[in-house]
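> here is my input, please return the structure:
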Amino acid sequence: MPNQKQLNQMMRQMQKMQDDMAAVQQELSETTVEGTAGGGMVKVTVTGTGEVRTVSISPDVVDPDDVEMLEDLVVAAVSDGLRKANELQHDKMGSVTGGMMGGLDLGGLGGLLG
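Have a look, this model is predicted:
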């Protein structure tokens, strides 16, 4: 079972990780990525937290006789933007949790939970 010093150290590490994650979450909400489809004819801007901010459609791709193609392009651009936002989240959060978990010794924690 961990001693008081080890528990205090784990609590400090967990608090730092929580603070770091909050900072990364704030950064993600302010960072944007762009998803595109149709060779850039449809573009979407998505925040790192997955919020779609803008959709831009080139007039050249608007064909009243083929609305389905435009719908497909919008879906493809949004999907591309969300995929990029997800990758950004993974990279940013991984830098916090990967670094902190590597230094956090959970070996003694098993005694507390068991």
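
> could you point out the longest helix of the chain?
In the chain, assigned by DSSP state H, the helix with the most residues is helix 67-103.

> which of the residues in that one are buried?
Across helix 67-103, burial judged by 16 or more other C-beta atoms under 10 Å covers 70, 73-74, 76-78, 80-82, 84-85, 88-89, 92, 96, 100. Placement of C-beta: from N, CA and C, glycine included.

> and for stretch 37-54?
Buried residues in stretch 37-54, counted by 16+ other C-beta under 10 Å: 37-38, 41-48.

> repeat that for stretch 59-66.
Within stretch 59-66, the residues that count as buried by 16+ other C-beta under 10 Å are Val61.

> quick check: end-to-end length of that stretch?
The straight-line separation of the ends of stretch 59-66 (C-alpha to C-alpha, to the nearest Å) is 13 Å.

> average pLDDT for that stretch?
What stretch 59-66 shows for mean pLDDT is 94.

> which one among the buried residues of helix 67-103 gets closest to Lys5?
Met100 (18.8 Å; C-beta to C-beta).
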